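Peer 1: Output the structure for:
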Amino acid sequence: MLTSTQVPGGPAWLDLGTPDIDAAVAFYGAVFGWEYASAGPAVGYGFFRLGGRTVAGVGPLTEEGAGSAWTVYFRAEDADATAKAVEQAGGTVRIAPGDVFTAGRMAGFTDPTGAEFAVWQARDVRGLDLVNEPGSVSWVELYTTDLAAADAFYRAVLPWDTRDLPVGGGLQYKVAGPAGGGVETVHGGLMQLPEGHLAAGSRSEWHPYFEVADCDAAVASAAGHGAIVLIEAMDAPGIGRVGMFLDPFGAPFAVIRSAES
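Peer 2: You can find the predicted model right below:
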């Protein structure tokens, strides 16, 4: 589970870009029980909420050629300084730093391997209201075409330490956490895409894992409401039971019933 959402470099926010907000609201409402709250007709953005607490944002696709996707925002103390660090480390600034009213300041980037992410410099809005509980995000993960390059990049632009995590099956996996934070504080994971996936055209991308009380039921519900199942419910030793999908518009996400610690 995520244990570092309130420190610099930790996941702070999550939102979905989609071509059809109404359909996305219906889908995620059916799978997770989320309700939708609009930020106002002039904004075109809204919030997914569970029990009155914000678990994610949702908005229309605003970038030319963009496809539906979840964006992970990492906490930044200075979004402008992070943007400069991204460019110096070989990444791209897709969305220049800018204020979101009085809520905070954000910027969007692409890492050198092609994965998109963002940062959030908090002001009035600190971040998500709920994490690690059923129906909320409990892990974020990067699938990357070049683990070594991605590892070096993120450690250069965010205050991260990373460590190898043996996961078996010939997979290469790293866990990220706050610099100097030790093994008990974690931001998420980075995984090298296997050769077979690379040959099939898989590209680098970040995706969230949402905690669920019953992974098999969540997989069945998502599939029944139009998701494409990429990974059927399966046990990950020491981690929990997981499943992965593309939502009805192609945004990748996963569910997890975390193992009890």
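Peer 1: Paired strands for the strand or helix carrying V255, with orientation please.
Peer 2: If you go by DSSP states H and E, V255 is part of strand 252-258. Counting by DSSP bridges, the strands paired with strand 252-258 are strand 205-211 (parallel), strand 240-246 (antiparallel).
Peer 1: Single out the most deeply packed of these.
Peer 2: Highest mean neighbour count among the strands paired with strand 252-258 (mean count of other C-beta atoms under 10 Å): strand 205-211, with a mean of 23. (Each C-beta comes from the backbone N, C-alpha and C, glycine too.)
Peer 1: List the contacts of the helix or strand following it.
Peer 2: Scanning forward in sequence from strand 205-211 by DSSP H and E, the next helix or strand is helix 215-224. By C-beta atoms under 8 Å, 6 or more residues apart in numbering, the residues outside helix 215-224 that reach it are 30-31, 212, 229, 232-233, 240-243, 245, 247, 255-257.
Peer 1: Among the strands paired with strand 252-258, which comes closest to A96?
Peer 2: Closest to A96 of the strands paired with strand 252-258 is strand 205-211 (C-beta to C-beta; 19.9 Å).
Peer 1: so what secondary structure elements neighbour the helix or strand where F27 lies?
Peer 2: If you go by DSSP H and E, F27 is part of helix 21-32. When contacts are defined as 3 or more C-beta pairs under 8 Å, 6 or more residues apart in numbering; DSSP states H and E, helix 21-32 packs onto strand 11-18, strand 35-38, strand 46-50, strand 53-60, helix 215-224.
Peer 1: So which bits of the longest one are buried?
Peer 2: If I follow you right, that is helix 215-224. C215, A218, V219, A220, S221, A222 (16 or more other C-beta atoms under 10 Å).
Peer 1: Tell me where the stretch 51-200 of the chain has helices.
Peer 2: For the stretch 51-200 of the chain, applying DSSP state H, counting those that start in this stretch gives helices covering 79-88, 147-157, 195-199.
Peer 1: mind giving me CSV with those helices and columns for distance to A179?
Peer 2: Shown next, in CSV, are the helices of the stretch 51-200 of the chain (distance: least, C-beta to C-beta, whole Å):
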stretch, distance to A179
helix 79-88, 14
helix 147-157, 8
helix 195-199, 30
